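1. Using only what follows, build the 3D model:
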Amino acid sequence: TISVKIKYIKNEIPLFVVFRALGVISDKAIMEYILHDVEGPVDSNFVNLLLPSAEEANNLPSLDDPKTRISIRSQEAALKYIAHRKNLTYSVGYLDADEQDDARLTFAKNLLNKEFLPHMNPPNGEPNNRKKAFFLGHMIRKLLECHLGIRPYDDRDHYANKRLNTTGPLLAKIFTHNFK
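-> Numbering: from 1, shown residues only. The predicted model follows:
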């Protein structure tokens, strides 16, 4: 199964739970974010790799009692799963029980809005979970293509993959900085 590691969360979160926390609820919609066109010809290898992740979100062990299985089918349930006390590093021990749940839920929402894929937020600071879901789907698609051998693995340390600032943009930056 595919899991997502999010900053400030102890455990890895299943992929479909993260999509549901971002507001993409149905399995078909999640598949569309990853595979783009589910109605057209889709390679069955992609679907076969994603099905265990979809089933995992519908049959997760409860964090309170591992013998109990839970199904996460809504955004609220996904946020509560992420905000569970065994997942977060955020401590709210000084609050009473109801306030603790609300504080953890607020913290989990802020994590998804500000810390998870922060470069996808527009400059005004308003979170855009749809863009984050599209980008997460794009990353998962690239991961699956690499796994299936369709796309070669990227070497981010290779010199060809580095961003270089040539003399023109560097001089322009110095010029605008000094002659404003």
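2. Which strands and helices lie in contact with the one helix or strand residue 141 maps to?
-> Using DSSP states H and E, residue 141 maps to helix 129-148. Judged by 3 or more C-beta pairs under 8 Å, 6 or more residues apart in numbering; DSSP states H and E, helix 129-148 is in contact with helix 15-21, helix 27-35, helix 44-57. From N, CA and C alone the C-beta is placed, and that goes for glycine too.
3. give me that answer again for 10 Å
-> If contacts are counted by 3 or more C-beta pairs under 10 Å, 6 or more residues apart in numbering; DSSP states H and E, helix 129-148 sits against strand 3-4, helix 15-21, helix 27-35, helix 44-57.
4. OK, contacts around residue 21?
-> Listed by C-beta atoms under 10 Å, 6 or more residues apart in numbering, the contact set of residue 21 reads 4, 6, 13, 72, 74-83, 108-109, 111-112, 116, 129, 133.
5. one step back: now do the helix holding residue 141, average pLDDT.
-> Model confidence over helix 129-148, given as mean pLDDT, is 94.
6. residues of that helix that come out buried?
-> 129, 132-134, 136-137, 140-141, 144 (16 or more other C-beta atoms under 10 Å).
7. got JSON lines for the residues you listed, with distance to residue 63 too?
-> JSON lines is the format used below for the buried residues of helix 129-148 (distance: C-beta to C-beta, whole Å):
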{"residue": "129", "distance to residue 63": "23"}
{"residue": "132", "distance to residue 63": "24"}
{"residue": "133", "distance to residue 63": "24"}
{"residue": "134", "distance to residue 63": "29"}
{"residue": "136", "distance to residue 63": "23"}
{"residue": "137", "distance to residue 63": "26"}
{"residue": "140", "distance to residue 63": "24"}
{"residue": "141", "distance to residue 63": "29"}
{"residue": "144", "distance to residue 63": "28"}
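8. Show me which pair in these is furthest apart.
-> Distance extremes for those: the farthest pair is 129 and 144 at 22.0 Å, using C-beta to C-beta.
9. what about dumping the CA coordinates of the helix or strand bottoming out on mean pLDDT in the chain to PDB?
-> Using mean pLDDT, DSSP states H and E, the weakest-scoring helix or strand in the chain turns out to be helix 97-110, at a mean of 87. C-alpha atoms of helix 97-110 as PDB (Å, rounded to 0.1, in the frame of the first residue of the first chain):
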ATOM      1  CA  ALA A  97     -11.000  16.000  26.800                       C
ATOM      2  CA  ASP A  98     -13.400  17.900  24.500                       C
ATOM      3  CA  GLU A  99     -11.100  20.800  24.100                       C
ATOM      4  CA  GLN A 100      -8.200  18.400  23.400                       C
ATOM      5  CA  ASP A 101     -10.100  16.800  20.500                       C
ATOM      6  CA  ASP A 102     -10.900  20.200  19.000                       C
ATOM      7  CA  ALA A 103      -7.400  21.500  19.400                       C
ATOM      8  CA  ARG A 104      -5.900  18.400  17.700                       C
ATOM      9  CA  LEU A 105      -8.400  18.700  14.900                       C
ATOM     10  CA  THR A 106      -7.600  22.300  14.400                       C
ATOM     11  CA  PHE A 107      -3.900  21.500  14.400                       C
ATOM     12  CA  ALA A 108      -4.400  18.700  11.800                       C
ATOM     13  CA  LYS A 109      -6.300  21.100   9.600                       C
ATOM     14  CA  ASN A 110      -3.600  23.700   9.900                       C
END
